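Colleague: got a predicted structure here, sequence first:
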Amino acid sequence: MTPEWYTASAPGKFVVLGEHSVVYGKPAVVLATNRRITCSVRRSHRNSINGFYLDFSKQPHINYLTRDTSYCLDILTTSEVPSGAGMGSSAALSAAVAMALDAERGGGLDERGFVEEAYNAELSAQGTGSPMDASACVHGGGVAINIPDEPNELWTISRGNRTWRVTDIDVPELSFVIGNTGVKAPTGPQVDKVRRYFSRNGFAGEIIEEMGSVTLEGFKALKRGDSELLGRLMTNDHKLLSILGVSCKELNKLVNAALPYSYGAKLTGSGGGGCMVALTDSPEKVAEVIKSRGGTPYIMKSGVPGLRMELNPASGTPMEIPTDEA
Ligand code: MEV
């Protein structure tokens with residue numbers, strides 16, 4: 001009998017406020033996107049990925065996730081989430097592989113278990129970071145991290161001396177446009193860059209504190225639906241991220257192009273390339289200006305489902321598998 005396929009999908013994500021400072025335990029707000037990664041697994045007589053030989057040394061996420069698997073697997077992946085672009089491709093891939101594998105083994109993991117699997121897979125690939133991306137890609141909708149007194153706790157995750165309390169948030173009726181610079185920028189080096197700055201320079205610590213305050217204020221504005229204030233705070237956050245050295249000229253070009261038609265705009269994810277996001281009432285116009293400056297726009301639909309099983313094996317354009325990517 002031909003072994004059965006088990007298929008799962010997970011959404012990508014974008015950070016409204018709080019990337020990088022969240023690594024230091026500061027607050028963050030992140031929404032899942034309507035672009036998803038789908039992954040299928042089945043038992044096989046050899047290891048393959050998208051029809052090719054699966055070299056585990058080149059696939060650190062999959063290497064981690066299959067650590068207890070004693071038989072060979074065929075894996076299929078397709079993606080609508082650009083890789084290396086700050087949209088959570090590695091967390092979404094890890095979550096989808098974890099769920100498909102869990103189903104193949106008869107099930108047992110809950111939402112928190114999938115977050116741990118996806119987060120550990122990311123840590124094994126990039127060595128550093130917070131459980132923010134994994135939480136958003138598994139849970140879907142929107143999540144907030146380390147917002148004091150916020151109800152609806154989903155889980156709390158600790159590593160070393162850092163703790164991240166993750167809460168479910170009502171996804172706001174706001175319109176966001178993402179602009180992809182097309183410059184690939186893995187997460188690990190950007191997080192390391194900030195860490196080096198932080199360990200050498202007290203000023204970096206002050207910037208991270210300020211980012212925490214901006215995010216808290218932004219979270220309150222988001223809850224009230226105050227786009228004017230939220231947008232201003234997003235643009236402030238972009239300036240603070242730029243001082244930390246994680247913006248680049250391509251990101252600044254798209255942020256500046258979007259700003260005249262937006263409440264605010266900033267890089268989203270780990271930076272150094274990848275994507276920016278704008279909060280706007282004119283998504284078509286912002287998409288047009290992003291395109292005219294050489295970026296790829298994605299108009300975001302929020303309130304999307306998180307990690308879930310799918311009925312059919314993944315089909316479509318095979319995904320370029322991230323090795324260490326946002
Ligand atoms: C990457 O999407 C977000 C960072 O804050 C890293 C992390 O939280 O793991 C830069």
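Modeller: Perfect, thanks for sending it.

Colleague: OK, contacts around I299?
Modeller: I299 makes contacts with 175, 177, 283-284, 287, as judged by C-beta atoms under 8 Å, 6 or more residues apart in numbering. All C-beta spots, glycine's among them, are computed from the backbone N, C-alpha and C.

Colleague: tell me how many other residues crowd L279.
Modeller: Residues near L279, counting by other C-beta atoms under 10 Å, number 27.

Colleague: surely it is in contact with Y263?
Modeller: Yes: using C-beta atoms under 8 Å, L279 is in contact with Y263, at 4.6 Å.

Colleague: give the residues shared as contacts by these two.
Modeller: Residues touching both L279 and Y263 (C-beta under 8 Å, 6+ apart): 227, 230-231, 234.

Colleague: return the closest of these with respect to S21.
Modeller: M234 (13.7 Å; C-beta to C-beta).

Colleague: check which residues of the helix or strand encompassing A221 are buried.
Modeller: In the assignment (DSSP states H and E), A221 maps to helix 202-224. For helix 202-224, burial by neighbour count (16 or more other C-beta atoms under 10 Å) applies to 204, 207-208, 210-212, 214-219, 221-223.

Colleague: contacts for that helix, please.
Modeller: So helix 202-224 is contacted by 16-18, 20-21, 24, 26-29, 144, 147-148, 169-170, 172, 174, 194, 197-198, 227, 229-230, 233-234, 236-237, 240-241, 243-244 (C-beta under 8 Å, 6+ apart).

Colleague: residues contacting the next helix or strand after that helix, please?
Modeller: Downstream of helix 202-224, the next assigned helix or strand under DSSP H and E is helix 227-243. Applying C-beta under 8 Å, 6+ apart, the external contacts of helix 227-243 come out as 16-20, 174, 207, 210-211, 214-215, 217-218, 221-222, 247, 252, 255, 259, 262-267, 271, 276-277, 279, 281.

Colleague: ok and helix 227-243 relative to helix 202-224, angle-wise?
Modeller: Relative orientation of helix 227-243 versus helix 202-224 (axes from the mean of the first three to the mean of the last three C-alpha atoms, to 10 degrees): 160 degrees.

Colleague: tell me which residues of helix 227-243 are tucked away?
Modeller: Neighbour-count burial for helix 227-243 [16+ other C-beta under 10 Å]: 227, 229-238, 240-242.

Colleague: so what does the helix or strand containing M99 touch, helix or strand wise?
Modeller: Assigned by DSSP H and E, M99 falls within helix 89-104. Secondary-structure packing of helix 89-104 (3 or more C-beta pairs under 8 Å, 6 or more residues apart in numbering; DSSP states H and E): strand 6-17, strand 28-44, helix 60-65, strand 72-79, helix 111-126, helix 132-139, strand 308-310.

Colleague: around the ligand, pick out the residues from the stretch 151-300 of the chain.
Modeller: With the criterion set to C-beta under 6 Å from any ligand atom, the stretch 151-300 of the chain comes near the ligand through 187, 191, 269-270.
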